[in-house]
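Colleague: Generate a structure from the sequence data that follows.
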Amino acid sequence: MLLRRSRKSQIEVALEAEPRAAPPRPRELPAELLRRLEFRVLKRLDGFLFGDYTGFFYGPSLDLAEVREYQPGDEVRRIDWNVTARTGKIHIRQYREEKEVTVWLMVDLSASMRFGTRRVLKLEEALEFVGTAAAIVGRHGDKVGAIGFSEAGMRVIPPGTGRRQALRILHELYGLMASKPASKPVEAGSLEHALEHVAKTLKRRALLFVVSDFLHPQPEQEPPWAQGLRRLAYRHDVVAVRIFDPAEKELPNAGELRLRDPESGEEIWIDTSDPRVRRAYAALVQAREAMLERTLRAAQVDVLSLSTAQEIVEPLLKFTLRRRGRR
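Modeller: Numbers count the residues shown, from 1 in each chain. So this is what the prediction gives:
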């Protein structure tokens, strides 16, 4: 619904004052962010885990040891369909631990991530997770690399170890954030293209975290990145780290507002107090959530949801305990 009003609201003035092509301004430098995460997040995790990071984040081990018959409680995604078809009985793949595993962080830095109405922007929530994950993997002694993608393109940070690598990843991602978007859409900066790139180039089985809001403008259709995610999850241990803001799930009752789509730049007036608008938005959210849930379930990936309204410690602990319980 497009509305007109003569007096400009504070929100409208703020939108007009904001440079349309300006990159987001981070609240802190990479080194400051990493120090804050070490002090406020990793220290709290140490308190719960007593410094033992063995198995933190790590789900099913990655080295195939044997194939055995299915038992109640086994994961469906471990079924070996070739052996099952040959024997006529359901068999699953049994794994053993690998001494080393490479972790990849795929980070969405697109325009839709530059939104937030609570504690931080979605972009900042994503960087907090990336810094925490990279630091934890460094403590564990494994290699961690990253791939950032946005309207400016895609940037690959080769795997490395230690605190210096965590700092390098944050520094490179901040650099990509500061890059100006291309005048024309950059295909290489989409989630779909990033997943295809990893599927083609990553040969050895790895643990991948795909950090994104996973927004898709057409909730009734399967997202264009769905096939790439399924292909990647078939060969690798993939975790979808979904970043969301509460306002994306429930329209705030704030009267007349002017809204702008961060991806297309399109702007509209809406009356958020209009019952018809609120019902239409609720239906849109329901359809979007249902499609996203079906897509992630079909890809058989674990999901870690992080809200911009909440510190990341509690969701990380719940996620870790859930994955440990399946080992």
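Colleague: Tell me where this protein has helices.
Modeller: With DSSP state H, the ranges of helices along the chain come out as 10-17, 30-37, 43-49, 81-87, 122-140, 162-178, 191-201, 226-235, 275-299, 313-324.
Colleague: and the ones you listed, which one is worst for confidence?
Modeller: Mean pLDDT values for those show the minimum at helix 10-17, a mean of 38.
Colleague: Tell me which of the helices of the chain is the most buried.
Modeller: For the helices of the chain, ranked by mean neighbour count under the definition mean count of other Cβ atoms under 10 Å, the leader is helix 122-140 at a mean of 24. C-beta coordinates here come from the backbone N, C-alpha and C atoms, glycine included.
Colleague: follow-up on the earlier one: out of the helices of the chain, which gets nearest to Leu109?
Modeller: If you check each of the helices of the chain against Leu109 by Cβ to Cβ, helix 162-178 wins as the nearest, at 5.6 Å.
Colleague: helices or strands up against that closest one?
Modeller: Contact partners of helix 162-178 among helices and strands, from 3 or more Cβ pairs under 8 Å, 6 or more residues apart in numbering; DSSP states H and E: helix 30-37, helix 122-140, strand 143-150, strand 153-160.
Colleague: Might you report the residue contacts of Asp108?
Modeller: Taking Cβ atoms under 8 Å, 6 or more residues apart in numbering as the contact definition, Asp108 lies against Ala126, Phe149, Ser150, Leu191, Val211, Ser212, Asp213, Ile243.
Colleague: Is it possible to get CSV of those that adds distance to Gln165?
Modeller: As requested, these are exported to CSV (distance: Cβ to Cβ, whole Å):
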residue, distance to Gln165
Ala126, 18
Phe149, 19
Ser150, 21
Leu191, 24
Val211, 17
Ser212, 22
Asp213, 26
Ile243, 22
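Colleague: so what are the domain limits for the protein?
Modeller: 10-61+99-324, 63-97 (automatic domain parsing).
Colleague: if we can go back for a sec, how about the helices and strands packed on helix 162-178, which one is nearest Leu316?
Modeller: Relative to Leu316, the nearest member of the helices and strands packed on helix 162-178 by Cβ to Cβ is helix 122-140, separated by 7.1 Å.
Colleague: how much space between the closest residue to Arg230 other than its chain neighbours and Ala194?
Modeller: Using Cβ to Cβ, 6 or more residues apart in numbering and skipping the chain neighbours, the partner closest in space to Arg230 is Ala299 (4.5 Å). Plainly put, Ala299 is 15 Å away from Ala194 if you go by Cβ to Cβ, to the nearest Å.
Colleague: Which residue lies closest in space to Val211, excluding its sequence neighbours?
Modeller: Take Val211 and drop its neighbours on the chain: the residue closest to it by Cβ to Cβ, 6+ apart is Val241, 4.3 Å away.
Colleague: so how many other residues sit close to that neighbour?
Modeller: A count of neighbours around Val241, defined by other Cβ atoms under 10 Å, yields 27.
Colleague: wait, doesn't it sit right on Leu208?
Modeller: No. Val241 is not in contact with Leu208 according to Cβ atoms under 8 Å; the separation is 10.1 Å.
Colleague: ok, Ala135 - contacts?
Modeller: By Cβ under 8 Å, 6+ apart, the contact list for Ala135 reads Leu34, Leu37, Glu38, Leu42, Arg163, Ala166.
Colleague: What residues does the residue nearest to Arg230 make contact with?
Modeller: Contact criterion Cβ under 8 Å, 6+ apart gives Ala226, Leu229, Arg230, Ala233, Val238, Ala240 as the residues in contact with Ala299.
Colleague: Now that we have these, can you turn them into JSON lines and tack on distance to Phe319?
Modeller: As requested, those are arranged in JSON lines below (distance: Cβ to Cβ, whole Å):
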{"residue": "Ala226", "distance to Phe319": "22"}
{"residue": "Leu229", "distance to Phe319": "18"}
{"residue": "Arg230", "distance to Phe319": "21"}
{"residue": "Ala233", "distance to Phe319": "17"}
{"residue": "Val238", "distance to Phe319": "14"}
{"residue": "Ala240", "distance to Phe319": "11"}
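Colleague: Which pair of the residues you listed spans the longest distance?
Modeller: For these, and using Cβ to Cβ, no pair is farther apart than Ala226 and Val238, which are 12.7 Å apart.
Colleague: List the residues that contact the closest residue to Gly145 other than its chain neighbours.
Modeller: Distances taken as Cβ to Cβ, 6+ apart put Pro159 closest to Gly145, at 3.7 Å, once the chain neighbours are dropped. Shown here is Pro159, whose contacts under the criterion Cβ under 8 Å, 6+ apart are Thr102, Val103, Trp104, Lys143, Val144, Gly145, Gln165.
Colleague: mind checking the end-to-end distance for stretch 201-219?
Modeller: The first and final residues of stretch 201-219 sit 30 Å from each other (Cα to Cα, to the nearest Å).
Colleague: I'd like the distance from it to the chain centre, please.
Modeller: 7 Å (Cα atoms, centre = their mean, to the nearest Å).
Colleague: Sounds good, over and out.
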